[in-house]
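Asks: show me how the following folds:
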Amino acid sequence: MALFTGTFENKVDRKGRVSLPSDFRAELPEGGERVVYIYPSPKHDALEACDKAFMQRLVEAIEDRPLYSDEEEDLNQSIVAQARRALLDDTGRLVLPPDHADHAGIEDKAVFVGQGSRFQIWSPDRYADHAKITRERAKSRTLSLKPVGGDK
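Replies: Numbers count the residues shown, from 1 in each chain. As a prediction, this is how the structure comes out:
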């Protein structure tokens, strides 16, 4: 599974093309089509993106909801129906769908933010504000790790 870490800012050209950071490209499978799925974040004025394996996990998690329930429909409409396949070109660029870029307020620069098995794409100004808020919230939180191996 892909592991997207780090924060990177790249220029967006007039055609909406932006280079996926090399650290993120290295996490995608070699050979064949190199694809990420991009969709508006259901939580933030930003975009979410992931590889095919994580998109499949999202779909499976949504399908675990009761069939035809409001929850299933809401998640399908806000994630699956909005997701767009973005194929990387030979130089590692992808095209941000114009409606998605508008949702995130992305114009001439984009900030890529690793989130482990997925990543976010923000406008620089929105991300700066968001990062301040999350850093402040994180100060009051603790993290515990599961034991490695058979130790419990």
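Asks: CA only for contacts and neighbour counts going forward, please
Replies: OK.
Asks: which stretches of this structure have low pLDDT?
Replies: Residue ranges of the chain with pLDDT under 70: 150-152.
Asks: quick check: longest helix of it.
Replies: helix 124-138 (DSSP state H).
Asks: okay, now residue 1: neighbour count?
Replies: Using other C-alpha atoms under 10 Å, residue 1 is surrounded by 13 other residues.
Asks: that one reaches residue 116, doesn't it?
Replies: No. At 9.6 Å, residue 1 does not count as touching residue 116 under the criterion of C-alpha atoms under 8 Å.
Asks: burial of residue 53, as a residue count?
Replies: Residue 53: 12 neighbours (other C-alpha under 10 Å).
Asks: ok now do it, which residues does it touch?
Replies: residue 1 (C-alpha atoms under 8 Å, 6 or more residues apart in numbering).
Asks: and it, which of the three is it?
Replies: Secondary structure state of residue 53, per DSSP: H, G, I helix; E, B strand; the rest coil, is helix.
Asks: in PDB, list the C-alpha atoms belonging to stretch 123-138.
Replies: The C-alpha trace of stretch 123-138 is given here as PDB (Å, rounded to 0.1, in the frame of the first residue of the first chain):
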ATOM      1  CA  SER A 123      -4.400  26.100  -2.100                       C
ATOM      2  CA  PRO A 124      -1.400  27.500  -0.200                       C
ATOM      3  CA  ASP A 125      -3.400  30.100   1.700                       C
ATOM      4  CA  ARG A 126      -6.100  27.600   2.800                       C
ATOM      5  CA  TYR A 127      -3.500  25.100   3.800                       C
ATOM      6  CA  ALA A 128      -1.600  27.600   5.900                       C
ATOM      7  CA  ASP A 129      -4.700  28.400   7.900                       C
ATOM      8  CA  HIS A 130      -5.700  24.700   8.200                       C
ATOM      9  CA  ALA A 131      -2.100  23.700   9.400                       C
ATOM     10  CA  LYS A 132      -2.200  26.300  12.200                       C
ATOM     11  CA  ILE A 133      -5.500  24.900  13.500                       C
ATOM     12  CA  THR A 134      -4.500  21.300  13.300                       C
ATOM     13  CA  ARG A 135      -1.100  22.000  15.000                       C
ATOM     14  CA  GLU A 136      -2.900  23.700  17.900                       C
ATOM     15  CA  ARG A 137      -5.400  20.800  18.200                       C
ATOM     16  CA  ALA A 138      -2.500  18.300  18.100                       C
END
